[in-house]
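K.L.:
Quick one, structure for this:
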Amino acid sequence: MTLTSPRGRKPAFLRLLLAVALGAALGGCNWSTAPDTIFVGGPVLTVNANNDVAQALAVRDGIITAAGSADSVLATKGANTRVIDLQGNTLMPGFIAAHEHPAISAVFNGAINLSGFKYKTNAEVWQALRDAVAQAPKGQWIYAGGLDAILTPDLKVPTRKELDAIAPDNPLVLVSQTLHSFWANSSAFAEAGIDRDTPDPGAGSYYQRDAHGELTGFVAETRAAAPLIKALKSPWKIYNRYVDVLDNFLSNGFTSVASLGYNVPPLMARVAASRQFSPRIRQYFYLVEEELNYLPDTPDTSNCFFRVMGVKLWHDGSPYTGSMYTSTPYLDSPLAHTLGIKPGSVGAAMIPEAALVEKLQKYTVGGWQVAIHSQGDASNRAVLQAINNAGPLAGPMPVVRLEHGVFMPQDSVESLARLGATASFHIHHIKYYGDALAHSVVGLLAAQQTLPIRSAFALSMRPTLHADSPMFPAHGFALMQTAITRQSGLGLLLNADQGITAQQALRAMTVNGAYQLRLQDQTGSLEVGKWADLQIVNGNPYTTPVQQLDALKTLATYVNGKRQFSAPGWE
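P.N.:
Here you go, the predicted structure:
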């Protein structure tokens, strides 16, 4: 029997359910659509399409529910809503780290620090290494990082035999600040299974040999050095340091981190990112081809905190090893000799065009992004030719990311935009290495075409900025500052017309990163319906004098509406 009234009203049991639901709502069950949290009392930089500045923002269940005037947002307040007074500080989106290396950072966070940021003379560097080796137990692997002939001008690079003398009882591996040059002693080579007969991994990545075919100790590029980085073979041994790296990102306002190659296992990454069984930061992995065992059969977007995005390829190397592929010959200078760069050389492509076309088609047809390391102008042009020859590529935009783009010429920017690709720029080449590039590596004329970020904005490419940590610290406001000023450490202005505004710089650290990770509808700006990934900062980057921009500090970081970092003294 159907329970209906003579007039054909809804079944009685449905009316009963509606009545019970209404009674519960009006009773004491605390059912409410009110926000969990409201932020008010300081500027709210929404980074929406108009770069609007709001007065308040509301969050419920990790999602932004309102952004606007203080009165309109406070009108949504419920009995249990927590109101956070910004005290004049600024609320803005969390930074999105578009291109970093948290696993490599974790490996070398336990290394001896020989950086030019700390030691300014050759004597200081080698004395620091000798002191540290003297404290190490026999047989223990020793890593030292930050070796840099640019930041330490009189640095003498070591030979294998010199390293044998420093560490006769330990495998010893040194890595440059750029992460593209390595040095090892005989013990390290032996334990890694590398000898005079070991084949080089490929163009631009090699084990240097002397005239007699013996290893000199120098190793070019990460692919050749990978067997020497023992921790990458036993990643759980660096678990605690990986946790520390993620915490450091949070303390600098980053809520999402893209890791571009040489990753820890996905399971470890997810465990390390959890606090009390709840994720505290978002991670997005690009896998090098040696890591493809971690590549799922198809892209999985079900997890909001961890995703494998695609594949990372190398088309060229570094200007500081001579492996960047450029049309401008490398200079004959004392620094070039120290770096081991052959004067007049131009580098080379690490992937032939036909192979790159094949890889682009192979990976994108499966829905994966392809991120391509490409620094020199000759590399840029060759990569763009391959993208064009690969034909229309499958998958959501952007299908291809070009990484670093240090010497990208204007015609390549235009071609990249036409092909629907995007770029992430390694902006601190200007700040830390700009003077060396201009005077000792490629010359002033080539250096004056560096990093065309303004052009990328003008062509709607939605570019990002990155630190390539651990090469440089992942400090968002310092990256923004360099992108605005284009100023080297000694005050040289490089390609100054490509300077951008504070608003553009913030977009490059937030919403543009979301676009490059195919997350523009979920994060990157403070808009209704997006994830509440936020940071509170002790100043407004739109109004802070540019020379003071790198002094801004993150006071608190929220991921999915939950506070995951708080500076001492805040709240």
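K.L.:
Please spell out which residues along whichever strand or helix holds A123 are buried.
P.N.:
Assigned by DSSP states H and E, A123 belongs to helix 122-134. Neighbour-count burial for helix 122-134 flags 125-126, 128-129, 132-133 (criterion: 16 or more other C-beta atoms under 10 Å). Glycine gets a C-beta too; all of them are placed from N, C-alpha and C.
K.L.:
What are the buried residues along the following helix or strand past that helix?
P.N.:
Of the helices and strands lying after helix 122-134 in sequence (DSSP H and E), the nearest is strand 142-147. By neighbour count with 16+ other C-beta under 10 Å, strand 142-147 contains the buried residues 142-147.
K.L.:
and what of stretch 465-485?
P.N.:
So, applying 16+ other C-beta under 10 Å, buried residues of stretch 465-485: 465-472, 474-485.
K.L.:
and what of stretch 149-163?
P.N.:
Within stretch 149-163, the residues that count as buried by 16+ other C-beta under 10 Å are 149-152, 155, 157-160, 163.
K.L.:
do the same with stretch 303-311
P.N.:
305-311.
K.L.:
So L402 lies in a helix, does it not?
P.N.:
No. Per DSSP: H, G, I helix; E, B strand; the rest coil, L402 lies outside any helix segment and is strand.
K.L.:
Got the confidence number for the closest residue to H99 other than its chain neighbours?
P.N.:
The spatial neighbour of H99 that comes closest, neighbours along the chain excluded (C-beta to C-beta, 6 or more residues apart in numbering), is H466 at 3.8 Å. Listed pLDDT for H466 reads 98.
K.L.:
Check D210 too.
P.N.:
If you check D210, the pLDDT there is 93.
K.L.:
Without its sequence neighbours, what residue ends up closest to it?
P.N.:
Nearest-residue entry for D210: T216, 5.4 Å, with adjacent residues in sequence omitted and distances by C-beta to C-beta, 6+ apart.
K.L.:
which SS class is the one you found?
P.N.:
Classification of T216 using three-state DSSP returns strand.
K.L.:
quick one, what contacts it?
P.N.:
Contacts for T216 were tallied using C-beta atoms under 8 Å, 6 or more residues apart in numbering; they are 159-160, 208-210.
K.L.:
And D85, by the same measure?
P.N.:
By C-beta under 8 Å, 6+ apart, the contact set of D85 is 40-41.
K.L.:
Pairing partners for it in the sheet, please.
P.N.:
Beta-bridge partners for D85, by DSSP bridges, are V40.
K.L.:
okay, it: pLDDT?
P.N.:
Listed pLDDT for D85 reads 98.
K.L.:
Quick check: the gap between it and V528.
P.N.:
As judged by C-beta to C-beta, to the nearest Å, D85 and V528 stand 22 Å apart.
K.L.:
try P396
P.N.:
Distance from P396 to V528, by C-beta to C-beta: 23 Å.
K.L.:
Now D154: closest residue in space that isn't a chain neighbour?
P.N.:
N122 (4.7 Å).
K.L.:
go on, L45?
P.N.:
Nearest to L45 is M92, by C-beta to C-beta, 6+ apart, at 4.1 Å.
K.L.:
how about the one you found, secondary structure?
P.N.:
Going by three-state DSSP: M92 is strand.
K.L.:
Surely it and M509 touch.
P.N.:
No. Here M92 does not reach M509: they are 9.6 Å apart, not a contact under C-beta atoms under 8 Å.
K.L.:
neighbour-wise, which of those two wins?
P.N.:
Legend: neighbour count by other C-beta atoms under 10 Å for M92 and M509, higher for M509 (29 against 26).
K.L.:
where in the stretch 201-350 of the chain is pLDDT low?
P.N.:
203, 231-233 (pLDDT under 70).
K.L.:
quick revisit: what residues are up against the residue nearest to L45?
P.N.:
Contacts of M92 were listed using C-beta under 8 Å, 6+ apart, and they are 44-45, 47, 506, 510, 526, 534-535, 537, 541.
K.L.:
now, which of those residues lie within strands?
P.N.:
Judged by DSSP state E, the subset of those located in strands is 44-45, 534-535, 537.
K.L.:
closest to S318 among these?
P.N.:
Each of the ones in strands among the contacts of M92 was scored against S318 by C-beta to C-beta, and Q535 proved nearest at 31.8 Å.
K.L.:
Please report phi then psi for the closest residue to the closest one other than its chain neighbours.
P.N.:
Counting by C-beta to C-beta, 6+ apart, G253 is the residue found nearest to Q535 once chain neighbours are left out, at 3.9 Å. For G253, the backbone dihedrals (degrees, to the nearest 10) come out as phi 90, psi 10.
K.L.:
what would the buried residues of stretch 303-311 look like in a markdown table with secondary structure and distance to Q516?
P.N.:
Listed next are the buried residues of stretch 303-311 as a markdown table, based on DSSP: H, G, I helix; E, B strand; the rest coil; distance: C-beta to C-beta, whole Å:
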| residue | secondary structure | distance to Q516 |
| --- | --- | --- |
| F305 | coil | 18 |
| F306 | strand | 17 |
| R307 | strand | 13 |
| V308 | strand | 15 |
| M309 | strand | 9 |
| G310 | strand | 11 |
| V311 | strand | 15 |
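K.L.:
okay if I get the contacts of M92 as a markdown table plus distance to H101 and neighbour count?
P.N.:
Below are the contacts of M92 laid out as a markdown table (distance: C-beta to C-beta, whole Å; neighbours: other C-beta atoms under 10 Å):
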| residue | distance to H101 | neighbour count |
| --- | --- | --- |
| V44 | 32 | 24 |
| L45 | 28 | 23 |
| V47 | 26 | 23 |
| L506 | 23 | 23 |
| T510 | 20 | 27 |
| L526 | 28 | 28 |
| L534 | 25 | 25 |
| Q535 | 22 | 25 |
| V537 | 25 | 24 |
| P541 | 25 | 23 |
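K.L.:
need those residues in CSV with distance to A336 and pLDDT, can you?
P.N.:
Formatted as CSV, those follow (distance: C-beta to C-beta, whole Å; pLDDT from 0 to 100):
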residue, distance to A336, pLDDT
V44, 49, 98
L45, 44, 98
V47, 42, 98
L506, 37, 98
T510, 38, 98
L526, 47, 98
L534, 46, 98
Q535, 41, 98
V537, 41, 98
P541, 38, 98
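K.L.:
Who are the packing partners of the helix or strand hosting A355?
P.N.:
Here A355, judged by DSSP H and E, is contained in helix 353-364. With contacts taken as 3 or more C-beta pairs under 8 Å, 6 or more residues apart in numbering; DSSP states H and E, helix 353-364 sits against strand 306-314, strand 369-374, helix 377-389.
K.L.:
quick one, which of those is packed in tightest?
P.N.:
strand 369-374 (a mean of 26; mean count of other C-beta atoms under 10 Å).
K.L.:
Partner strands of it, with direction?
P.N.:
strand 306-314 (parallel), strand 400-404 (parallel).
K.L.:
Quick check: which of those is nearest to A336?
P.N.:
Closest to A336 of the strands paired with strand 369-374 is strand 400-404 (C-beta to C-beta; 20.1 Å).
K.L.:
can you list the residues that contact the closest one?
P.N.:
Here strand 400-404 makes contact (C-beta under 8 Å, 6+ apart) with 99, 260, 312, 360, 364, 369-375, 380, 383, 387, 393, 408, 416, 419-426, 468, 516.
K.L.:
ok, then the element right after it?
P.N.:
Proceeding N to C from strand 400-404, the next assigned helix or strand is helix 410-418, under DSSP H and E.
K.L.:
what mean pLDDT does that following helix have?
P.N.:
Helix 410-418 comes out with an average pLDDT of 95.
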